[in-house]
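Asks: give me a 3D structure for the following:
(one chain, ligands or ions: 1)
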Amino acid sequence: MNAREKEAYLREYSILKSQGKPFFPYSVAKDGLMAVVVMASIIGMSLLFGAELGPKADPTTTTYTPRPEWYFFFLFEVLRVIKPPSLTPLASIGVPTICMILLFLLPFYDRGPERRPERRPIAMAAGLFTIAAMAFLTYEGAIAGSPNQVDMEAPAAVAAAGGETLRQWESGKQVVAQSGCLACHKIGHNGGVLGPDLTEIGSAASRASLARVLVNPTQPMPEYSALSESKRDDLVEFLAQLKTGSH
Ligand code: HEC
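Replies: Numbering: from 1, shown residues only. Just a heads-up that it's a prediction; the model follows:
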């Protein structure tokens, strides 16, 4: 802002100020009235409709899918996409904090006097990009499946075989999801870090040894002898198809 612009601004400001009304009591009264209306509406709605309670909590459920409120879907999605645990703090705390600080410091680093959107291409582009990115991540977070789900296409050989082979693959994948294997094992880009990576286990272990691990595992892996025979067969078939270079 140069000296002339500054003078023009100060003149305009003093004219507006001489015409205006003081903050107290005019604005305070207006804001106070609005606050009373909002509070009264909330009280009225809670008296009329009550508060909704979800179904009773069931501590024994194994199918519960934890999900955040919709306005956190974008963060939820960022966490889903960024898998390495070492990067999780950066994604969940670092990036949003940096964005908040940048927003907070905006008046200090953006000193441009322009206010028309078309004359502020960088600010507009950054703003639109942020809105678009958050909308996209919110949408992706909203349609995301359970964190236990194995997000993986059937290998070409399985897809080509079709029939029983494909059914066993899909069913075995389901058993993995329901059994919580991903809490420890990594399969493709899904799951954890505690146990060995199973992405290529089909090339390393025979069907017989895979079946043996399930009923006679090494600690801390739990045993899965309670699985029905057909589920165990499907699970072993699924694992056996996880071959090097098949996906
Ligand atoms: C609590 C964590 C945990 C869970 C849950 C778990 N595992 Fe494991 N699993 C392990 C660990 C740790 C090992 C390595 C044991 C060892 O040192 O031999 C292992 C080993 C294995 C192996 C042998 C890997 C190899 O390289 O030989 C297979 C196969 C396997 N698990 C499959 C499964 C399947 C399938 C499930 C779900 C039905 C499952 N695991 C659930 C922790 C787990």
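
Asks: okay, helices next: where are they in the chain?
Replies: 3-19, 28-49, 73-81, 88-89, 95-104, 106-109, 121-143, 156-161, 163-179, 201-204, 207-215, 229-240 (DSSP state H).

Asks: and the chain, what are its domain boundaries?
Replies: Residue ranges for the domains of the chain, per automatic domain parsing: 17-50, 66-144, 156-240.

Asks: any idea which of those domains gets closest to Tyr9?
Replies: Ranking the domains of the chain by their distance to Tyr9 (criterion: C-beta to C-beta) puts domain 66-144 first, at 8.6 Å. For glycine as for every other residue, the C-beta is placed from the backbone atoms N, C-alpha and C.

Asks: quick check: end-to-end length of the closest one?
Replies: Separation of the first and last residues of domain 66-144 by C-alpha to C-alpha, to the nearest Å is 11 Å.

Asks: with stretch 202-220 instead?
Replies: End-to-end distance (C-alpha to C-alpha), stretch 202-220: 21 Å.

Asks: and the ligand, is it touching that?
Replies: Yes: when contact is scored as C-beta under 6 Å from any ligand atom, part of stretch 202-220 falls within range of the ligand: 204-205, 210, 213, 218, 220.

Asks: which residues touch the closest residue to Val95 other than its chain neighbours?
Replies: On the basis of C-beta to C-beta, 6 or more residues apart in numbering, the spatially nearest residue to Val95 that is not a chain neighbour turns out to be Val78, at 7.2 Å. Residues counted as contacts of Val78 (C-beta atoms under 8 Å, 6 or more residues apart in numbering) are 91-92, 95, 137.

Asks: hmm, which of the residues you listed are the buried ones?
Replies: Burial by neighbour count, 16 or more other C-beta atoms under 10 Å: within these this picks out 91, 137.

Asks: residues in contact with the closest residue to Arg67 other than its chain neighbours?
Replies: Once its chain neighbours are removed from consideration, Arg67 has its nearest residue in Phe76; the separation is 7.4 Å (C-beta to C-beta, 6+ apart). For Phe76, the contacting residues are 67-68, 141, 144, taking C-beta under 8 Å, 6+ apart as the criterion.

Asks: restricted to buried residues, select the residues you listed in ChimeraX.
Replies: With 16+ other C-beta under 10 Å as the criterion, this ChimeraX line picks the buried residues out of these:
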select :141,144
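
Asks: could you export the contacts of Phe76 to CSV, including columns for pLDDT?
Replies: As requested, the contacts of Phe76 are exported to CSV (pLDDT from 0 to 100):
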residue, pLDDT
Arg67, 79
Pro68, 85
Gly141, 86
Ala144, 74
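
Asks: hmm, which two among the contacts of Phe76 are most spread apart?
Replies: Pro68 and Ala144 (10.8 Å).

Asks: for the protein, give me the ranges with low pLDDT.
Replies: Applying pLDDT under 70 to the predicted model, the residue ranges of the chain that meet it are 1, 61-65, 83, 145-148, 192-193, 246-247.
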